[in-house]
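Asker: Below: sequence and its predicted model.
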2 protein chains.
Amino acid sequence: MQTVIASRSKTVVIDRDGPFVIIGERLNPTGRQKLAEDLCSLRMDVVRREALAQVEAGADALDVNAGIPGADEARLLAEAVRAVMGAVDVPLCIDSSSAEALEAGLAVCEGKPLVNSVTGEEASLSRVLPLVKKHGAAVIGLTTDERGILNHPGERLRIARKILQRAADYSIPPEDVIIDPLALPVGGGPRRGVVTLESIRLLATELKVNVSVGASNVSFGLPNRLALNAAFLPLAMGAGLSCALTNPLVSETRRAILAADLLLGKEGAPARWLEHHRK
Amino acid sequence: MQTVIASRSKTVVIDRDGPFVIIGERLNPTGRQKLAEDLCSLRMDVVRREALAQVEAGADALDVNAGIPGADEARLLAEAVRAVMGAVDVPLCIDSSSAEALEAGLAVCEGKPLVNSVTGEEASLSRVLPLVKKHGAAVIGLTTDERGILNHPGERLRIARKILQRAADYSIPPEDVIIDPLALPVGGGPRRGVVTLESIRLLATELKVNVSVGASNVSFGLPNRLALNAAFLPLAMGAGLSCALTNPLVSETRRAILAADLLLGKEGAPARWLEHHRK
């Protein structure tokens, strides 16, 4: 199944059988005081620099988040989206838990962005999906609902089905819904990694949808997070992951993805591996 | 399925549901001029040092190979096995393409070693399997036969079935046969990695046997081999690999295995990850 997203002039195809798609995660003020201050003051230099650096490092698309407690998120997100579009020409992933902010970001975004995200909760489905439809976007569906995050792959599959069904009710086709089964930190319990990987496999094989995760999350709280993330990505790609929010500036991450693409026989991967090592 | 191998006093269980088992690959003179010279002159200091270093770096078992063109391989292998047993107390993997050398190595080896290897060729099956039975060893079966290496997972599965059947004819139980589907270098063609991974999955799910590969081989001829190997191991472990001949002295390799064990929920893996990063 192919999810097509686009910027003004560039199209990116997300497809399990194609090269892995990196959605740069760095434009997010959570835990980044300086970026938060710059965003609040509408100083967009850092935003533009960060956008450019991620694309140069191999990001195929960029997540843009302006969630700062107490700030006018809708306005900041729209301004950040504008700044990023002025700096780079890649599809964007408009990221907010506020429907109002999503709408403001979507209103200024050119091309066909991703919306990050809708959940299986009624309040989210009924507010976010109409925005996705109205703006002709694609959307990331998180497999969580009123009960929180369920620790069973079958339950996550059930929520994914519900999101797809509700999307269909709004005439959003399944290829425009990417499911994120939620990669919880593996330090939290011995079954955490297995549940994530089984969920990815189940979603990819049962629903045939594209599957994404926030790939840096798995290593939270453990030493040598980069090595853990670098091992998680090949495992998840082998299980059927087609894209991820991650940090392409980390060379371990970038290399793990290029290597897994090569090992999984993805088109153009040998040339990309050689090119990456010529730099 | 559990393959149990042992040294004089130490037992190692190879099991897809348990921690990954590293068989140290370094005691092999192929391409190592100094080691070859030392072996030929029966100077066993380097052999002992190399054995110790691999075990300290995390090898659970050690492969011992003395294949030097023109040398008395049987005698050298027996001497090398003796030297290694004098230096470390881990199960050994007696490695030769010569049945005579295998017999000499097995004759002096204490515990329950692995024999590396038998193939699907009649000449190999009829010479190696009686040795495995006679010495109460376990054996690695390579999925190649008179036709060479076949580029189709189903064909490799067929050869594996034949090896298991012939082993059963000698009263060698399936848990004492580890299948190696042969990981060819991925630089050799776009389907190479996929065929290896599909073969691993097929062997692990259809035959339930333990699966091993020579894990350093996949990256042959490509730049940044260590990063490729480090991505291959999690992919292969996710597909069902339970052990591998590899180099534990390479920190990327060791970490990729520890990380994948942690992500796959293997017993004791969180503690091993923390311990590894305390050093």
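Answerer: Now that the structure is in, tell me what you want to look at.
Asker: and the closest residue to residue A:243 other than its chain neighbours, what does it touch?
Answerer: Computed as CB to CB, 6 or more residues apart in numbering or on different chains, the closest residue to residue A:243 that is not its neighbour in sequence is residue A:21, at 3.8 Å. For the C-beta atoms, the positions are set from N, CA and C on the backbone; glycine is no exception. Applying CB atoms under 8 Å, 6 or more residues apart in numbering or on different chains to residue A:21 gives the contacts A:12-14, A:60-61, A:242-244.
Asker: now swap in residue A:73 and tell me
Answerer: Counting by CB under 8 Å, 6+ apart, residue A:73 touches A:66-67, A:96, A:98, A:100-101.
Asker: same thing but at 6 Å, please
Answerer: A:66-67, A:98, A:101 (CB atoms under 6 Å, 6 or more residues apart in numbering or on different chains).
Asker: Work out the gap between the helix or strand harbouring residue A:229 and the centre of the chain.
Answerer: Per DSSP states H and E, residue A:229 falls inside helix A:225-239. Centre-to-centre, helix A:225-239 and its host chain are 16 Å apart (CA atoms, centre = their mean, to the nearest Å).
Asker: And that helix, what does it pack against?
Answerer: Packing partners of helix A:225-239 (3 or more CB pairs under 6 Å, 6 or more residues apart in numbering or on different chains; DSSP states H and E): helix A:192-202, helix A:251-263, helix B:225-239, helix B:251-263.
Asker: and the angle from the third one to helix B:192-202?
Answerer: To tie it back to what came earlier, the one meant is helix B:225-239. Taking axes from the mean of the first three to the mean of the last three CA atoms, to 10 degrees, one finds that helix B:225-239 is oriented at 30 degrees with respect to helix B:192-202.
Asker: tell me the mean pLDDT for helix B:225-239?
Answerer: The pLDDT scores in helix B:225-239 average 97.
Asker: ok, and what's touching it?
Answerer: A:231, A:234-235, A:238, A:255-256, A:259-260, A:263, B:197, B:200-201, B:215-216, B:218-219, B:250, B:252-253, B:256-257, B:260.
Asker: swap in the last one?
Answerer: For helix B:251-263, contacts defined as CB under 6 Å, 6+ apart pick out A:186, A:193, A:227-228, A:231-232, A:235, B:19-20, B:58, B:226, B:229-230, B:233-234, B:237, B:246-248, B:269, B:272-273, B:276.
Asker: List the buried residues for the next helix or strand after that helix?
Answerer: Using DSSP H and E, the helix or strand that directly follows helix B:251-263 along the chain is helix B:269-276. Across helix B:269-276, burial judged by 16 or more other CB atoms under 10 Å in any protein chain shown covers B:269-270, B:272-273, B:276.
Asker: Same question for stretch A:184-200.
Answerer: A:184-187, A:192-200.
Asker: for that stretch, the distance to its chain's centre please.
Answerer: The chain centroid and the centroid of stretch A:184-200 are separated by 18 Å under CA atoms, centre = their mean.
Asker: Stretch A:132-141 now?
Answerer: 14 Å.
Asker: quick one: contacts for residue A:106?
Answerer: A:94, A:135.
Asker: Quick check on the spatially most central residue of chain A: phi, psi?
Answerer: The residue lying closest to the centre of chain A (CA atoms, centre = their mean) is residue A:245, at 4.0 Å. Main-chain dihedrals, residue A:245, degrees, to the nearest 10: phi -80, psi 120.
Asker: same deal with residue A:117?
Answerer: phi -160, psi 170.
Asker: any idea how far chain B is from it?
Answerer: Per CB to the nearest CB, to the nearest Å, residue A:117 is found 23 Å from chain B.
Asker: Spatially, what comes nearest to that residue if we skip its sequence neighbours?
Answerer: residue A:140 is the one closest to residue A:117 (CB to CB, 6+ apart), at 4.2 Å.
Asker: Residue A:31 versus that neighbour, what's the distance?
Answerer: The gap separating residue A:140 from residue A:31 is 21 Å, by CB to CB, to the nearest Å.
Asker: So for the two, which sits in the more crowded spot?
Answerer: Regarding residue A:140 and residue A:31, a neighbour count based on other CB atoms under 10 Å in any protein chain shown identifies residue A:140 as having more, with 27 against 7.
Asker: what lines up beside the one helix or strand that one maps to in the sheet?
Answerer: According to DSSP H and E, residue A:140 maps onto strand A:138-142. Note on strand A:138-142: by DSSP bridges, its sheet partners are strand A:114-119 (parallel), strand A:177-180 (parallel).
Asker: Please list only the buried members of the contacts of residue A:73.
Answerer: Taking 16+ other CB under 10 Å as the criterion, what is buried in these is A:66-67, A:101.
Asker: Which members of these occur in strands, if any?
Answerer: Secondary structure from DSSP state E places none of those in strands.
Asker: out of those residues, who's nearest chain B?
Answerer: Of all these, residue A:67 has the smallest distance to chain B: 28.5 Å, by CB to the nearest CB.
Asker: which other residues reach the least confident helix or strand in chain A by mean pLDDT?
Answerer: Every helix and strand of chain A was ranked by mean pLDDT, DSSP states H and E. The lowest is strand A:148-149, at a mean of 89. Strand A:148-149 has contacts (CB under 6 Å, 6+ apart) with residue A:182.
Asker: Give the partner strands of that strand in its sheet and their orientations.
Answerer: Strand A:148-149 has these strand partners (DSSP bridges): strand A:144-145 (antiparallel).
Asker: biggest helix in chain A by residues?
Answerer: Counting by DSSP state H, the longest helix found in chain A is helix A:153-169.
Asker: need the residues of chain A near chain B, please.
Answerer: A:186, A:190-191, A:193-194, A:223-224, A:227-228, A:231-232, A:234-235, A:238, A:255-256, A:259-260, A:262-263, A:265, A:277 (CB under 6 Å from any CB of the partner chain).
Asker: Weed out the non-buried ones from the residues you listed.
Answerer: With burial judged by 16+ other CB under 10 Å, the buried subset of these is A:186, A:193-194, A:224, A:227-228, A:231-232, A:234-235, A:238, A:255-256, A:259-260, A:262-263, A:265.
Asker: and the nearest residue to residue A:45 once chain neighbours are set aside, backbone torsions?
Answerer: In space, and not counting its chain neighbours, residue A:45 is closest to residue A:38: 7.2 Å by CB to CB, 6+ apart. Residue A:38 adopts backbone torsions of phi -60, psi -40, taken as degrees, to the nearest 10.
Asker: tally of neighbours for whatever residue of the stretch 1-150 of chain A ends up closest to chain B?
Answerer: With CB to the nearest CB, the shortest gap between the stretch 1-150 of chain A and chain B falls at residue A:17, namely 10.9 Å. If you count neighbours by other CB under 10 Å, residue A:17 ends up with 11.
Asker: Secondary structure element for it, which one?
Answerer: Using DSSP H and E, no helix or strand contains residue A:17.
Asker: Got phi/psi on it?
Answerer: phi -90, psi -10.
Asker: And the pLDDT at it?
Answerer: 94.
Asker: ok, back up a step: show me which pair in the contacts of residue A:73 is furthest apart.
Answerer: Using CB to CB, the contacts of residue A:73 span at most 9.8 Å, a distance reached by A:66 and A:98.
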